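>>> Sharing a model prediction with you, sequence too.
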Amino acid sequence: DSGVTQTPKHLITATGQRVTLRCSPRSGDLSVYWYQQSLDQGLQFLIQYYNGEERAKGNILERFSAQQFPDLHSELNLSSLELGDSALYFCASSERLEGGSYNEQFFGPGTRLTVL
Amino acid sequence: GNSVTQMEGPVTLSEEAFLTINCTYTATGYPSLFWYVQYPGEGLQLLLKATKADDKGSNKGFEATYRKETTSFHLEKGSVQVSDSAVYFCALIDPYADKLIFGTGTRLQVFP
């Protein structure tokens, strides 16, 4: 158990809909990352938050957005869903080390999104 | 840009065989390198890491050495078990964006 929790575990929805995925980081970790794992794109970084602020952005579509709340949990919002958005979405967290660098990232179990 | 290349799978071995999964990287500077493992139906688990050249990461009988001269971080295990069957991902951390860049993953299947 990595200490990172994600809900829900599975999500089935229809095209055009909007969903919210939730992540709680390990206790003490201020940094949260979102990754997408799909068969054709592999594992891709979407976005990072640190202590409530967006820090880095990857290949995240404009239809997707995220935020990190004061209690440090994070939500990934996916809207106007398309068939191609079906994937496993992972959240990870890490602690920030002195000097500004980050320790290794610990991953949650993922949310499997199926868009029909 | 930064990238990671892994050998194509699946790798199929008999129990107690020797395992090597090749990984090479392209990066500016000297990133930290990682191996993550994904068991069926589960999330990613950190298997081992190395943060500088010539470092050897090891865990659960797996080892990998950070080779700057060949830009490689090959994963090895002397004697695999059926329980090692999983997908293995090599990754580096992009120090400028603090994001993990993953290889495509290599599926390992170990038969008794």
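Sure thing, it's come through.

>>> after the helix or strand of chain B with the lowest mean pLDDT comes which helix or strand?
Taking mean pLDDT, DSSP states H and E as the measure, chain B has strand B:99-102 as its least confident helix or strand, at a mean of 89. Following the chain from strand B:99-102 toward its C-terminal end, the next helix or strand by DSSP states H and E is strand B:106-111.

>>> who does that following strand touch, helix- and strand-wise?
Counting by 3 or more Cβ pairs under 8 Å, 6 or more residues apart in numbering or on different chains; DSSP states H and E, the packing neighbours recorded for strand B:106-111 are strand B:11-14, strand B:19-21, strand B:86-94. (Each C-beta comes from the backbone N, C-alpha and C, glycine too.)

>>> picking that back up, give me the sheet partners of the least confident helix or strand of chain B and which way each runs.
Neighbouring strands of strand B:99-102 in its sheet, by DSSP bridges, are strand B:86-94 (antiparallel).

>>> what angle sits between the partner strand and strand B:106-111?
Inter-element angle recorded for strand B:86-94 and strand B:106-111: 150 degrees (by axes from the mean of the first three to the mean of the last three Cα atoms, to 10 degrees).

>>> what does strand B:86-94 rub up against?
Applying Cβ atoms under 8 Å, 6 or more residues apart in numbering or on different chains, the set of residues contacting strand B:86-94 from outside is A:43, A:102, B:2, B:4, B:6, B:9, B:21, B:23, B:25, B:27, B:31-40, B:44, B:47, B:73, B:75, B:99-103, B:105-108.

>>> Narrow these to those that are buried.
If you count burial by 16 or more other Cβ atoms under 10 Å in any protein chain shown, the buried members of these come out as A:43, A:102, B:2, B:4, B:6, B:21, B:23, B:25, B:27, B:31-38, B:44, B:47, B:73, B:75, B:99-103, B:105-106, B:108.
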